[in-house]
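[1] Structure for the following, please:
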Amino acid sequence: MSLNRRVYDRGMRSLLWLSAGITCALLVFLMGYILRRGIPQLSWQFLTSSESVLKGTLGILPAVCNTLYVVCVTLCIALPLGVGAAVYLTEYATNHKLVSAIEFAAETLSGIPSILYALVGYLAFCKTLGLGYSLLAASLALAMMNLPTIIRTTQESLKTVPQSYREGALGLGSGKWHMIRTVVLPSSIDGIVTGCILAVGRIVGESAVLLYVGGMGNAMNDFFASPDKFLHSSGATLTVQLYVFAKERAMMDPAFAVAVVLLVLTLAINLAAKAAGKKLRQKQ
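    Numbering: from 1, shown residues only. As a prediction, the model looks like this:
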């Protein structure tokens, strides 16, 4: 290469390394600061009890359970719909103009602020369907918010599967759905897992939708004793609890403790999704 190209190449490499270093340094700083402030405030009582004014105790167990419930219900709704829509748009749809319009709409909806989803969810689920402030309404609103992301990530993953895989399966006598189920979907599992991880991160970190639709109840909801009562009960998740501690009560120590729990919970769910994707790839 000429001298100018070598200088340009090294300059661009240096800028890329600098950008990556700054990003990693900011991430390490934020995580380190949160861990340093939050870990000393954690205790077994804080993690396994409920908040009580009479007893003078602080506890986040209901918020942890509500967060797990909302994540599970939202994924059970959004994942089948998102993956199914992506499969249809990629493998079955023949109207390319309609597909392009849907893809553009999905990309646009992915960038809409969550407060708008909160207002739509409040009007559609809390008022129109009569669900009130409940975890079910919050899960439906979060599923609506995460559908565009799941659809687009799954679509892009499906498009990376070589066409020869499809032609080979069809040439061996496989039906279209059998080919998609046994060849295309297993080959694109990485993109589906990525969409799941992105959805989980957005669900766990969401506060606006949950404040407007899920409510701020701190009572312990017993899912196994009465599923119907649980789904129609108000409940605060960890992000809502963090907002209450930091903003409304100015209790920063418990807020940092909740932030640590959020970090650990998000990491655990992401690792579980990665492990599930690895298991599915091994079964191909």
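[2] residues in contact with Gly214?
    Gly214 makes contact with Asn66, Val70, Tyr133, Ser134, Leu135, Ala137, Ala138, Ser234, Gly235, Ala236, Thr237, Val240, according to CB atoms under 8 Å, 6 or more residues apart in numbering. C-beta: built from backbone N, CA, C; applies to glycine.
[3] Please enumerate the strands of the stretch 101-250 of the chain.
    Taking DSSP state E, counting those that start in this stretch to define them, one finds no strands in the stretch 101-250 of the chain.
[4] re the thing from before, top of the contacts of Gly214 by number of neighbours, please.
    Highest neighbour count within the contacts of Gly214: Ala138, with 33 neighbours (other CB atoms under 10 Å).
[5] Neighbours of Asp9, how many?
    When neighbours are counted by other CB under 10 Å, Asp9 registers 11.
[6] Over to the one 4 residues further on?
    When counting by other CB under 10 Å, one arrives at 10 neighbours for Arg13.
[7] Give me the pLDDT for it.
    Predicted confidence (pLDDT) for Arg13: 91.
[8] Now name the helix or strand holding it.
    helix 3-38 (DSSP states H and E).
[9] other SSEs contacting that helix?
    Under the contact definition 3 or more CB pairs under 8 Å, 6 or more residues apart in numbering; DSSP states H and E, helix 3-38 sits against helix 252-282.
[10] tell me the contacts of the closest residue to Gly121 other than its chain neighbours?
    Distances taken as CB to CB, 6 or more residues apart in numbering put Ala141 closest to Gly121, at 2.9 Å, once the chain neighbours are dropped. Ala141 sits next to Tyr117, Ala118, Val120, Gly121, Tyr122, Ala124, Phe125, Val209, Val213 when contact means CB under 8 Å, 6+ apart.
[11] could the residues you listed be laid out in CSV, adding neighbour count, pLDDT and distance to Cys76?
    Shown next, in CSV, are these (neighbours: other CB atoms under 10 Å; pLDDT from 0 to 100; distance: CB to CB, whole Å):
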residue, neighbour count, pLDDT, distance to Cys76
Tyr117, 21, 87, 19
Ala118, 23, 86, 21
Val120, 17, 88, 21
Gly121, 28, 87, 17
Tyr122, 18, 87, 22
Ala124, 16, 87, 19
Phe125, 22, 87, 16
Val209, 29, 81, 17
Val213, 30, 85, 17
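[12] how about those, which pair is most distant?
    Greatest spatial distance in those: Ala124 and Val209, 12.0 Å, computed using CB to CB.
[13] Can you pull the phi/psi pair for the residue nearest to His232 when sequence neighbours are not counted?
    Distances taken as CB to CB, 6+ apart place Ser134 nearest to His232, at 4.7 Å, with adjacent residues excluded. In terms of degrees, to the nearest 10, the main-chain angles of Ser134 are phi -150, psi 160.
[14] same question, Thr160
    The phi/psi pair for Thr160 (degrees, to the nearest 10) is phi -80, psi -10.
[15] Tell me how far it lies from Val264.
    Distance, Thr160 to Val264, by CB to CB, to the nearest Å: 32 Å.
[16] Looking at the two, which has the bigger crowd around it?
    Neighbour count, other CB under 10 Å: between Thr160 and Val264, Val264 has more, with 13 against 10.
[17] how close does the more buried one get to Leu238?
    From Val264 over to Leu238 (counting by CB to CB), the distance is 11 Å.
[18] Tell me which residues touch Val120, please.
    Val120 neighbours (CB under 8 Å, 6+ apart): Ala141, Met144.
[19] Helices along the stretch 51-200 of the chain, start to end?
    61-87, 96-110, 114-121, 135-159, 163-171, 176-179, 185-187, 189-204 (DSSP state H, counting those that start in this stretch).
[20] Contacts for the last one, please.
    The one in question is helix 189-204. 67, 70-71, 74-75, 78-79, 82-83, 142, 145-146, 149-150, 152-154, 156-158, 160, 185, 237-239, 262, 265-266, 269-270, 273-274, 276-277, 280-281.
[21] okay, and for the stretch 101-250 of the chain, where does confidence drop off?
    Low-confidence segments of the stretch 101-250 of the chain, defined by pLDDT under 70: 217-231.
[22] For Val213, give its distance to Ala272.
    26 Å.
[23] let me redo that: Tyr117
    26 Å.
[24] what do you get for Leu158?
    Between Leu158 and Ala272 the distance is 23 Å, computed by CB to CB.
[25] Who has more neighbours out of these two?
    Leu158 (21 against 13).
[26] Quick check: chain neighbours aside, which residue is closest to the more buried one?
    In this structure, Leu158 finds its nearest non-sequential neighbour in Thr90, 4.4 Å apart by CB to CB, 6+ apart.
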